[in-house]
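S.K.: Below are the sequence and a predicted model; questions follow.
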Amino acid sequence: MASGTDETRENLIEDLRARLKVCIVVDRLLDQLQFIPVDTKELIRQRARTDGNIVAADLLIDAVIRKHPDKRPDPAEEEDNDQYVRLIELLSPSLVEMKTQEVYVHCLSKELITREDSEIVTNRGPRSGARELLRCIVRGQHGWFSQFLDILRETEHHELYELTGGSPDSGKQDILSKPLFCTSDGAEPAAAAGGPESADISLRDYQMDVARPALEGKNIIVCLPTGSGKTRVAVYITKKHLDSRRAEGMSGKVVVLVNKIPLVEQHYSAEFLPLLKSTYKVERVSGDCQLKISFTEIIKKNDVVICTAQILENSLELSNKGEDEGVNLSDLSLLVIDECHHTQKGDVYNSIMMRYLRKKHTNIRKKKEGKEPVPLPQILSLTASPGVGKATKTKQAEEYILQICANLDASRIMTATPESLKKEQRKLVLKIEDRKEDPFGDVIKNIMNSIHTHAQLTPSCDLGSQNYEQWIVETERKAAMEEDHKVQACAEHLRHYNEGLNLSNTIRMCDALVFLNEFHVEEIRKKTTPNDDGQTIQITETERFLFHLFKENKEELEKLAKNQQYENDSLCNLRHSILREFSTREKARGIIFTKTRRSTIALSQWIQENPKFADIGVKASYIIGGGGQSVVKPMTSTERSAMLKKFDKGDINLLVATSVLEEGLDIPDCNFVIRYGLVTNEISMIQAKGRGRADDSSYTVVEVKNSCVTEKEHVNEHRLILMEKAIKNIKALDPKEYDRQIRDFQAQALMEEKVKKIKKKQKSMKNEKPSQVMFSCRGCSTQVCTGEDIQVIENAHKVNVTTQFRYKIYCIVQENTSLQERRLDFESIAFIACKTCGRSWGTMMNYRSIECPCLLVKNFVVTLNGKKIPNCTRWADLPVKFPSFDYSEYAMRLAEGSDDEDTE
């Protein structure tokens, strides 16, 4: 900094030093400052780890204003480096599967990472360690990328080596000699733009019949059963669409929307990339990937982009607000919507299509005024079944399906004739009779009745039923509002005993006992573990009664759980079904669908532990969802993919799964499907049956007590007949009459949206002040905070930003045993709970290196203007607008607190 201008800037930085020390995030900023020597950077990073961000920021400012020679890299080298960093970010979901320890050793020997970096990498698990290793590698000096490729080759990561750009023939990397990011498989722009055509995609006759109107540019719904090749039809239409636009000298942009993250990778890897990569540029984006570059740029640089619907919706909203980073519908030429039956009120698909319909309505007006209309993409919608909603009559079913057609602006709904599809599966429904003896369940019911007497409760429905579940939830809610903590504690235990009863009717008695025991162990642990102040939570007389009640019955429950003669009949029916399938088929492969994650894991364990199943070659495992709503640890998309690969190879031949496998995911061909106590609607039934794709496949429904699956299955069969009849009637409509009805439905939808916006605007004008809201602990009624203490992070996370809440009173930190992997700028690191009663309040969230208590409103009794709000389970239920989280202010507040402690 030699010039007068530089000296002025130095002085400005010096003047703002106090403020900058608080605002700077050292680790991120260091990556951008190329003129600071590597050894100085490492010193600053070390101070950040040992002394904190503010001390390190002070050193960083010294390094910036110190008169270093200008060490900025050559612009071309800098551009190459940025591209290599971006490539690593794009491929990180695959690279984290590397053998971290082996790669780490080589990186250390080649000095790609420092000793300080190695501590961060080795103190984590394999995948987390791999992520940290990649972050350290990309911060290296010029030449790090070629060294990293050499390390992948030397450690025999051949697939990752080729994926990252290495040549399988020469053993040397060739990515350094060609442009980056031209296509998703590394092809150069010329190849992507006009290279040799890939082999023609062949369709069956019925597939070509349903595709024909779309090839003419019309908006249609393709309705084909699961396993009939809907996605292949979509790829074919996509290719022909892009081919025709290229032939006309026009650019084509195709976005494929899915409603679940795992479907992004599936559609990308299994269909679109293999069939289009030699001719077009294909990319995928989802909330699960590590892409931090602009979605707009991805759209610009690729011909086909596969993404979750929310990503496109977010980008459309940015454009609507006038932001540069947004995407317009007019930027696209074809929009493919998978599982389009979700295009209904409240769904993100419908939000996107409402934008489309508004543009379409505007275009009609522009044409009348002689103005140029805005181009809109062609819409291709895919589903196995549109469903009939709550319809009980054909006319109602027709209206329901026509509404979906209107929402998707479909000119036709295309189906195949039954003759063109495979023959119907063999179907078997196995009913059960009430147990003659259920001593295990009787003990649980006696415990529940004792609790009823203690709390003076009189239920009017059968224990273990769905009605009882609803009654006890309502009882707990009412008790929380009335601050009746005795009834509230009893209701919580009754809810778990009711679940235990259901589990004993679904899975083994020992599994139900494990569930109940885990609940009591955790409750006792919360009450007896000292908090930060060394104090324990006071146990009430009611809680002492509840703990003692379980303890005195536990031995009897353990004894009964070991007696197999009392197991439920549903398990016997399931056992016979599995034995029948595997003993009568040369190569059996099947899926068992069940209701909950807990029952999925327990059933898989039951099968694995049964020697009769092992004798006939049953190799079982399970697949569950990835959401964090359940107390059962979720499964990551990588874990699900790995399990499906084992199923495909035959290493696993029986999968137990929740409904996560029903919709969309491409399951290898199997020859039997069993729905164990799980029946939802006609759409799920069709999708589950469709998983059995072999010609001799079977479909079995096993009834479980209180599940009513037999009755629901009959209802679904009736709805399926109703749906087929309704679709047939719609297809027979005169085209003019069909168009008229579609226009009417669309006009109604636009009007309803307009009214909704007006009401929302009026509601926002009536927003209450945050100071009028009070939050009390749902467990003990302790006053927690007011609305003035709440701020919002990223328009989603409600945090309490008062220093005393975090450091002095109200919360204790407990280990979060089911934490999800870190995503972008925030991660949950612990649970927070009430110091007085142990009631969970939410999670401790690490947001940009600052710990922020994130609250779940359902854990509090909320009072607004002196009146308690019933059923306040979502923040959206509160007519209050909380301010955005001020990161700089909060960081400064923490820094001041730290300075005070140092002074003391």
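M.R.: Sure, I can see it. Here the structure is a predicted model, which is why all the values come from computation and not from measurement.
S.K.: buried residues in stretch 456-466?
M.R.: For stretch 456-466, the neighbour count (16 or more other CB atoms under 10 Å) marks 457, 459, 463-465 as buried. All C-beta atoms are positioned from the backbone trio N, CA, C, and that covers glycine.
S.K.: meant to ask about stretch 19-27, not that
M.R.: Quick answer for stretch 19-27 (16+ other CB under 10 Å): 20-22, 24-27.
S.K.: mind giving me the domain split of the chain?
M.R.: 3-64, 81-164, 205-421, 426-432+568-724, 439-565, 770-897 (the TED database).
S.K.: average pLDDT for the host helix or strand of Asp744?
M.R.: Using DSSP states H and E, Asp744 sits in helix 735-765. The predicted model gives helix 735-765 an average pLDDT of 84.
S.K.: chain center to that helix: distance?
M.R.: Remark: helix 735-765 is offset 30 Å from the chain centroid, using CA atoms, centre = their mean, to the nearest Å.
S.K.: Likewise for stretch 392-403?
M.R.: Its chain's C-alpha centre and that of stretch 392-403 lie 32 Å apart, by CA atoms, centre = their mean.
S.K.: try stretch 348-360
M.R.: 23 Å.
S.K.: Please enumerate the strands of the stretch 501-650 of the chain.
M.R.: For the stretch 501-650 of the chain, applying DSSP state E, counting those that start in this stretch gives strands covering 590-593, 620-623.
S.K.: export the buried residues of stretch 19-27 to CSV and tack on distance to Ile151 and pLDDT?
M.R.: Converted to CSV, those look like this (distance: CB to CB, whole Å; pLDDT from 0 to 100):
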residue, distance to Ile151, pLDDT
Leu20, 37, 79
Lys21, 37, 76
Val22, 39, 72
Ile24, 33, 82
Val25, 29, 78
Val26, 28, 78
Asp27, 24, 73
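S.K.: for those residues, which one is nearest Ile472?
M.R.: Using CB to CB, Val25 comes nearest to Ile472 of those, at 47.2 Å.
S.K.: hey, where'd the strands end up in the stretch 751-900 of the chain?
M.R.: 773-777, 783-786, 790-793, 797-800, 811-815, 826-834, 840-847, 850-855, 860-864, 867-868.
S.K.: that older thread, mind checking which of the domains of the chain is nearest Lys731?
M.R.: Across the domains of the chain, closest to Lys731 is domain 205-421 (CB to CB), at 6.7 Å.
S.K.: Val26 is in contact with Asn53, correct?
M.R.: Yes - the criterion here is CB atoms under 8 Å, and Asn53 meets it with Val26 at 5.5 Å.
S.K.: mind checking how far Met635 is from Arg675?
M.R.: Separation of Met635 from Arg675 (CB to CB, to the nearest Å): 20 Å.
S.K.: Look at the two and report which has more neighbours.
M.R.: Using other CB atoms under 10 Å as the criterion, Met635 and Arg675 rank with Arg675 on top: 26 against 20.
S.K.: list the helices and strands the strand or helix carrying the more buried one packs on?
M.R.: Taking DSSP H and E as the criterion, Arg675 maps to strand 672-676. Applying 3 or more CB pairs under 8 Å, 6 or more residues apart in numbering; DSSP states H and E, we find strand 672-676 packed against helix 569-584, strand 590-593, helix 682-689, strand 698-702.
S.K.: chain center to the shortest one, what's the gap?
M.R.: Meaning strand 590-593. Using CA atoms, centre = their mean, the offset of strand 590-593 from its chain centre is 23 Å.
S.K.: Give the other helices and strands that it contacts.
M.R.: helix 569-584, strand 654-657, strand 672-676.
S.K.: For the longest one, buried residues please.
M.R.: If I follow you right, that is helix 569-584. Across helix 569-584, burial judged by 16+ other CB under 10 Å covers 569-571, 573-575, 577-579, 581-582.
S.K.: Give me the residues contacting it.
M.R.: 428, 430, 432-433, 435, 505-508, 588, 590, 592, 603, 606-607, 610, 612-613, 616-618, 654, 671-672, 674, 676-677, 698, 700, 702-705 (CB atoms under 8 Å, 6 or more residues apart in numbering).
S.K.: try it again with 7 Å
M.R.: 430, 432-433, 435, 505-506, 588, 590, 612-613, 616-618, 672, 674, 676-677, 700, 702-705 (CB atoms under 7 Å, 6 or more residues apart in numbering).
S.K.: Can you check which of the helices and strands packed on strand 590-593 gets nearest to Glu159?
M.R.: strand 654-657 (25.0 Å).
S.K.: other SSEs contacting that closest one?
M.R.: Secondary-structure packing of strand 654-657 (3 or more CB pairs under 7 Å, 6 or more residues apart in numbering; DSSP states H and E): strand 590-593, helix 597-609, strand 620-623.
S.K.: what's the average pLDDT for it?
M.R.: Mean pLDDT, computed over strand 654-657, is 91.
S.K.: how much distance is there from that strand to the middle of the chain?
M.R.: Distance, centroid of strand 654-657 to centroid of chain: 21 Å (CA atoms, centre = their mean).
S.K.: Now do the helices in the stretch 1-150 of the chain.
M.R.: Here the stretch 1-150 of the chain has its helices, by DSSP state H, counting those that start in this stretch, at 4-15, 17-23, 26-32, 38-51, 53-65, 75-95, 100-109, 115-122, 126-137, 144-154.
S.K.: Buried ones in the longest one, by neighbour count?
M.R.: What it means is helix 75-95. Counting neighbours by 16+ other CB under 10 Å, one finds that the buried residues in helix 75-95 are 80-81, 84-93, 95.
S.K.: Tell me what angle it forms with helix 100-109.
M.R.: Relative orientation of helix 75-95 and helix 100-109, computed by axes from the mean of the first three to the mean of the last three CA atoms, to 10 degrees: 160 degrees.
S.K.: CA atoms of helix 75-95 as PDB?
M.R.: Output of helix 75-95 as PDB, limited to C-alpha atoms (Å, rounded to 0.1, in the frame of the first residue of the first chain):
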ATOM      1  CA  PRO A  75      -5.400 -13.500 -13.600                       C
ATOM      2  CA  ALA A  76      -5.400 -16.600 -15.700                       C
ATOM      3  CA  GLU A  77      -4.100 -18.700 -12.900                       C
ATOM      4  CA  GLU A  78      -6.600 -17.200 -10.500                       C
ATOM      5  CA  GLU A  79      -9.400 -18.000 -12.900                       C
ATOM      6  CA  ASP A  80      -8.200 -21.600 -13.300                       C
ATOM      7  CA  ASN A  81      -8.000 -21.900  -9.500                       C
ATOM      8  CA  ASP A  82     -11.500 -20.700  -9.100                       C
ATOM      9  CA  GLN A  83     -12.700 -23.300 -11.600                       C
ATOM     10  CA  TYR A  84     -10.900 -26.100  -9.800                       C
ATOM     11  CA  VAL A  85     -12.400 -25.000  -6.500                       C
ATOM     12  CA  ARG A  86     -15.800 -25.000  -8.000                       C
ATOM     13  CA  LEU A  87     -15.300 -28.400  -9.500                       C
ATOM     14  CA  ILE A  88     -14.400 -29.800  -6.100                       C
ATOM     15  CA  GLU A  89     -17.600 -28.200  -4.700                       C
ATOM     16  CA  LEU A  90     -19.700 -29.700  -7.400                       C
ATOM     17  CA  LEU A  91     -18.200 -33.200  -6.900                       C
ATOM     18  CA  SER A  92     -18.100 -33.100  -3.100                       C
ATOM     19  CA  PRO A  93     -21.100 -35.400  -2.600                       C
ATOM     20  CA  SER A  94     -19.100 -38.100  -4.400                       C
ATOM     21  CA  LEU A  95     -15.600 -37.100  -3.100                       C
END
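S.K.: Before I go, just wanted to say thanks for your time.
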